[in-house]
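Participant: Predicted model follows, preceded by the sequence.
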Amino acid sequence: MFQFEELDQTTRRFMLQEFKTEESGTPYRSPRLSPRGRQAFPTLMEEAILSGNEETLARALSNRSYWNPYETYMRGGVTRQRKITPGKAAESLAITEFNTWYVRGLAKRLLEEGERVCQVYRAAPAWEPRGGVPSA
């Protein structure tokens, strides 16, 4: 679980404003999402912004019908396909999207509040936590 230190109702309000601004134009949609998933995504994202987090969004997105069965990719100039695992795809998209709107919303909030400095930190635990520096 990510540690969003400033995830309060004020930040959520700014997140929602930023999200709705994006939605009013040509919003990004993962090509891994099925037509049903692309249709459901804005509502699920908005619900997560209002009262959830990356984990609640991942659970909401894990519906198998929200995902295409396969994705096409290129490797070495050759077009290939691989199976999409809905749970992993949902987790990956949820982390990316929730974090995106958190950062955008928090940045907008800080600007509007006249803040001139902010501290950037890693919200997720490291995959492999590093130990102390070895002595020589």
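Facilitator: Ah, there it is. Everything numeric in this text was worked out from a predicted model, so none of it was measured.

Participant: Just the C-alpha atoms of the worst-scoring helix or strand of the chain on mean pLDDT, please, in PDB.
Facilitator: Across the helices and strands of the chain, mean pLDDT, DSSP states H and E gives its lowest value to strand 70-75, namely a mean of 93. What follows is the C-alpha trace of strand 70-75 in PDB, where atoms were taken according to Å, rounded to 0.1, in the frame of the first residue of the first chain:
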ATOM      1  CA  TYR A  70      -4.400 -10.500 -25.200                       C
ATOM      2  CA  GLU A  71      -2.200  -7.600 -25.900                       C
ATOM      3  CA  THR A  72       0.000  -7.000 -28.900                       C
ATOM      4  CA  TYR A  73       3.600  -5.900 -28.600                       C
ATOM      5  CA  MET A  74       6.800  -5.700 -30.600                       C
ATOM      6  CA  ARG A  75      10.000  -7.400 -29.800                       C
END
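
Participant: and the helix or strand just after that strand, which residues are buried?
Facilitator: Sequence-wise, the next helix or strand beyond strand 70-75 is strand 78-83, with elements assigned using DSSP states H and E. Neighbour counts over strand 78-83 (16 or more other Cβ atoms under 10 Å) mark no residue as buried. (C-beta placed from N, C-alpha, C; glycine too.)

Participant: And whichever helix or strand comes after strand 78-83, what does it pack against?
Facilitator: Once the chain leaves strand 78-83, the next helix or strand it forms, by DSSP H and E, is helix 86-112. Identification of packing neighbours for helix 86-112 by 3 or more Cβ pairs under 8 Å, 6 or more residues apart in numbering; DSSP states H and E yields helix 9-23, helix 35-51, helix 54-61.

Participant: per-residue confidence at residue 21?
Facilitator: Per-residue confidence at residue 21 stands at 97 (pLDDT).

Participant: And it, how far from residue 15?
Facilitator: Relative to residue 15, residue 21 is positioned 11 Å away (Cβ to Cβ, to the nearest Å).

Participant: of the two, who's got more company?
Facilitator: Comparing residue 21 with residue 15 by neighbour count (other Cβ atoms under 10 Å), the higher total belongs to residue 15, at 27 against 12.
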